[in-house]
Every structure is written in structure tokens, then in C-alpha cells.
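K.L.:
just need the structure, nothing else, for what follows:
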Amino acid sequence: MWVVPLEQLPLWGPGTDEEPKPKPVLARPATLRLLITVKAAPNPSARYGETVCVGALGMDPPWTGWIRLYPVHYRDLVDDGKFHKYDIVRVDALPARQDQRRESWKPIVDTFATERHLASRQSRRNLLDPLVEDSMCRLNEQAHADPSARSIALIRVADVSALQVRRHPGWSAEDRRKIAGYLNQLDLLEPTRRSPLEAPRFTGAYRYRCADRRCRGHQQALWDWEFVALQRRLRRLTDAEAAQELRNRFLTQLCAADREVAFFVGNQAARPQSFSIGGVYAPRRATDRYRLHVNR
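P.N.:
You can find the predicted model right below:
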């Protein structure tokens, strides 16, 4: 386990006491310019076959702050519309009317256009560091008190005790019905058969403490696209070997002592009190002032 003296943490936190903006009401789509911060692993969908939830940071007024885009049927995007973490994109979207979460927008998927990749680590830090906040505990409390409370955050991590990697049980019966129903529809419309969405080989969950002094620990599932993509590159390894490689990447490397670790977290529309981790933000430390102590 690695530990940061809390009194030595950088003062990154945003003004979390400010009243959050209400969800806008628009008659026509707005063009959003976004920095992609989260691309979650795809999940089965009856309408689209599979969908991806995307987290982003709005870069141009008036649409600034955290934004969630859903549904994104990523496999159907043309090459020019496909994007990666830390790409800057433009997309037309409307506030999601059937989703009470204020950050949620419904994208017009065929309007996605990638502007460029934000390769500079310092440029990323300039945008994201001011948004890192200390308390997952407070975010949970707010969600329990008000289902329409903030549903996306970038949470500073004080220590990570484990990354649990377990065999995925496979899609549920409901998920299999969604996939089969969609593929059956395609058989009538498309001459070539699309491959069904594969369930990941493993699930992942971090056990950690946030930087709130009251924190007694959190356990949250990891739904990062990169976590699943790495599994596919490890097909030839045994389960034990592949699980160890996943821990090497997402625990030993990304949560190393020379990293300032924060988690991109978001909740579910149906279960606003349930937060999961969409991705890891882990810039390297500029100095050894905040050096972590690691005990594996």
C-alpha cells in the first residue's frame, strides 16, 4: 500500500462548494468542443448492439465542465469520427432529457470529428489538475442525499491497497438477448454478418482511500476501455499470467510512487449512489516533495 501525507498534497481542488449548474434546456443541438477523458468499455445494447459511455471536459463556453456522452455506438463511427483518450473532438449533442444527471448529453454520433490529440502532458495537467478534488466520500454523500447531484468527478487517491482482477462471468441472459436481437435485425439489413460483442475476459476493481481524512476506503469497479483492450492483447497468456500483466499496468505502473494518481469516477443513471472508475489519471510527480511510500 502506498500512502501520501495529506498535509503535503498539492492544492488542486476545485471550488466544490459552488452551486452546480442546472441541466440546460435546448431546442436544437449545441456543438460541444471536448477533451475526451474517459472511454468506457462497450456494453450490450438492444438498439445498437453495443454502446460506449464517454466522459469529457467541455473546453469552450458556455459548455464547460464535466460532460457525459451516451449512447455512443463506437464501432459504427467512420474513421474520421473515432477518438481516443485525450483527443480533442467536436460533436453536436442535446442534453439527455431522460437522464436526471446534469452532465449527461445525447450525442448525434455521425457529427463526431477529431480535432487533434493533446499529446503534451503539461497541457493535460493545465486543464485537469485544477479539477482534482479530495473526497469520494463527499461525492457519495451528495448522491445519497440528491439523485441529481454531481455524477462525475476526478478524485485524488491517497492510497491504493489492491486491484482485484477476476474472471468475468460472461454476459447475463438479458445481455445475450440484446446482442442476439440486434444481430438478427442486421441479418435482414446487411449482407455481411457482424461479430457479436465479446464479454471481457476479466473484471477489475480498485480498493483505495480517497484524500478525505474521514475515508475508511472505497471499492469500485474499473470500466476503462484500455483495461479491456489490454486483455485482448494478452489472449495467448494463461489466466494467471494475463491477470498479473493487468496488475502490472494498472497497479504497479499507473499507481507507482512517482505518480500523482486520481480516478475519473461516474455513477449510473439507474443507481446514482453507485460510482465506478472510468479511467486513471496518473501524471508523473514534478518533484520528490510528495514522494509516496510503497509496500507491495
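K.L.:
Ile277 should be in a strand, yeah?
P.N.:
Yes - applying DSSP: H, G, I helix; E, B strand; the rest coil, one finds Ile277 inside a strand.
K.L.:
which stretches of this protein form helices?
P.N.:
With DSSP state H as the criterion, the chain has helices at 121-128, 136-145, 173-189, 225-233, 239-247.
K.L.:
and Val38, what does it touch?
P.N.:
Cys53, Val54, Gly55, Ala56, Lys85, Asp224, Phe264, Gly266, Gly278, Gly279 (C-beta atoms under 8 Å, 6 or more residues apart in numbering). Every residue, glycine included, has its C-beta placed from N, CA and C.
K.L.:
so what's it bridging to?
P.N.:
Gly55 (DSSP bridges).
K.L.:
so which of the contacts of Val38 is the closest to Asn140?
P.N.:
Nearest to Asn140 among the contacts of Val38 is Gly266, at 12.7 Å by C-beta to C-beta.
K.L.:
was I right to think the closest one contacts Ser276?
P.N.:
Yes - counting by C-beta atoms under 8 Å, Ser276 is a contact partner of Gly266 at 6.8 Å.
K.L.:
more neighbours: which of these two?
P.N.:
A direct count of neighbours by other C-beta atoms under 10 Å for Gly266 and Ser276 places Gly266 higher, at 24 against 18.
K.L.:
now Ser104: how far from Ala269?
P.N.:
Look at Ser104 and Ala269: by C-beta to C-beta, to the nearest Å, they are 7 Å apart.
K.L.:
between those two, which has more neighbouring residues?
P.N.:
Here Ser104 and Ala269 are compared on neighbour count by other C-beta under 10 Å; more neighbours surround Ser104, at 22 against 16.
K.L.:
tell me the pLDDT at the more buried one?
P.N.:
On the pLDDT scale, Ser104 is placed at 96.
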